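A.B. asks: The sequence isn't on hand, but the structure is:
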């Protein structure tokens, strides 16, 4: 079945992006092929499974693409990848870019098998590449035993767990088969499908082309001097937008991509030194941990590491200052799956701007501020409103969801982020809040609506809300505030067990519990969530830290 391409993108914008050079004819596959021809032995991907040169990476991508073509996959059909960060994600993406398939690697470790089956069904996946014994409920559920439940899935590629000294590749060693001819290269086809939850927690499939991805990657590379001599290391998984964007940036520049596949407890500093990493990508939590290790080893810097993109949450002035003191220039930024990482500070920006702002819009993208209650009313510099944007890195629409696609834009074609902020006279953005109900834990979005809906099914619960609790390391953690039914009660551990049995992912699990006699409501019957947040912040309510029971097996 072809892509359900639902977009409001206009011919005029299409022509403008080509005229200005932000869109070009090159696909990501074509760029990697060119790198392989110019410098075949340069390392493209470095992992514990071994290094892949650009020549070897291209050969693996050609082989996988040929295998898929031989099995009858047509352009536009979906290839899903569920695994930790490993070279096979890069191979699957390049094979998709080569043959016109749609690659969906945005399936996460914290997903359950049930979650994955639901997403595979949503996207009507035809081929699935997945690692064995992976996911939030790997101990009790096996994806491969259940893929036969899905009518569209015809081809399954099983990856064994990654171990040091293994060999990257999909389907084992490359067979000596004739290579299929690549599909005619078209940088405007849908290449990347990423599922990102809406405010209700219902996944929406964001669609990007080679061109929308490359527009942002080229801008970032140019502004931060990422080139063939660079080594880009993403601490965020390749399944997440931040890590995926780092991968595209490295491939576009002909740089080296370092896969973050360290075993638990291994030294990040040693890995950065060993790989000669020049640019790091992660969230504030990663920066805190890196600096702590450097301090414990009395290190004043890491020789080649010069830049660190910090996303997902704002970094403190102390964190920014400490990075700079260690010779690492932080990059504050703002973006989302729909827009890529379009906003960022520059290497020579004043530290104050790095702390206080998300930087300026990159070449090829622009933002404006609109009235919170009227997305068609633009506001002047300095006023707080909803952040809107448009440009060469903007998504092409939501998969199979015309309603959400239309609702995401105002009447003039500006994408409404749902975030609040203001822009100063020099174009630097400050994000002040969110119009959507979301908790950001360590750079990951958690949607309270899903937690609340599952908790409300407990027989003892009368009313429940999930609210954020500030945390110095992760930014926010989830607190579950519960009002019990008259004569009923349950322990926090019982509530967590109920959520686990209902299918709530580990990363969504509440880490604080608050029992409240009466959860306040507005006159219209809506929960006054802000009141509870304020009670916790000023000490009137004191949540208890909780942990789920660890199951054996």
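C.D. replies: On my side now, so go ahead. As the structure is a computational prediction, the values presented were derived from the model and not from experiment. Residues are numbered from 1 along each chain as shown.
A.B. asks: Break the chain into its domains for me.
C.D. replies: 11-364, 439-545 (automatic domain parsing).
A.B. asks: ok, residue 44 touching residue 57?
C.D. replies: Yes: in this structure, residue 44 is within contact of residue 57 by C-beta atoms under 8 Å, at 4.4 Å. The way it works is simple: take the backbone N, C-alpha and C, and place the C-beta from them, glycine included.
A.B. asks: so what sits against both of the two?
C.D. replies: In the contact map built from C-beta atoms under 8 Å, 6 or more residues apart in numbering, the residues linked to both residue 44 and residue 57 are 32, 90.
A.B. asks: List the contacts of residue 371.
C.D. replies: Taking C-beta under 8 Å, 6+ apart, we find residue 371 in contact with 377-379, 385-386.
A.B. asks: related to what we said a few turns ago, in terms of mean pLDDT, which of the domains of the chain ranks lowest?
C.D. replies: Lowest mean pLDDT within the domains of the chain: domain 439-545, at a mean of 89.
A.B. asks: For that domain, what is the distance to the chain centroid?
C.D. replies: In terms of C-alpha atoms, centre = their mean, to the nearest Å, the centre of domain 439-545 is found 25 Å from the chain centre.
A.B. asks: in the one helix or strand residue 514 maps to, what counts as buried?
C.D. replies: Per DSSP states H and E: residue 514 is located in strand 512-515. Within strand 512-515, the residues scored as buried using 16 or more other C-beta atoms under 10 Å are 512-514.
A.B. asks: could you pull out the strands for the stretch 301-450 of the chain?
C.D. replies: Assigned by DSSP state E, counting those that start in this stretch, the strands in the stretch 301-450 of the chain fall at 307-310, 329-336, 340-344, 360-361, 365-371, 374-378, 385-391, 397-398, 415-423, 429-434, 439-441, 444-446.
A.B. asks: Out of those strands, indicate the one that is most buried.
C.D. replies: Most buried of the strands of the stretch 301-450 of the chain, by mean neighbour count (mean count of other C-beta atoms under 10 Å): strand 340-344, with a mean of 28.
A.B. asks: Which other helices and strands does it contact?
C.D. replies: Other helices and strands packing on strand 340-344, by 3 or more C-beta pairs under 8 Å, 6 or more residues apart in numbering; DSSP states H and E, are helix 210-223, helix 241-253, strand 329-336, strand 360-361, strand 365-371.
A.B. asks: contacting residues for residue 305?
C.D. replies: 272, 277-280, 327-328.
A.B. asks: Among those, which lie within strands?
C.D. replies: 279-280 (DSSP state E).
A.B. asks: Name the nearest residue to residue 308, sequence neighbours excluded.
C.D. replies: residue 280 (4.4 Å; C-beta to C-beta, 6 or more residues apart in numbering).
A.B. asks: Now stretch 403-411: buried residues?
C.D. replies: Buried residues in stretch 403-411, counting neighbours by 16+ other C-beta under 10 Å, are found at 404-405, 408-410.
A.B. asks: Out of those, which comes closest to residue 140?
C.D. replies: Within those, the smallest distance to residue 140 is 33.2 Å, found for residue 404 (C-beta to C-beta).
A.B. asks: What distance do you get for the residue nearest to the closest one when sequence neighbours are not counted to residue 117?
C.D. replies: Distances taken as C-beta to C-beta, 6+ apart place residue 398 nearest to residue 404, at 4.7 Å, with adjacent residues excluded. Using C-beta to C-beta, to the nearest Å, residue 398 is found at 21 Å from residue 117.
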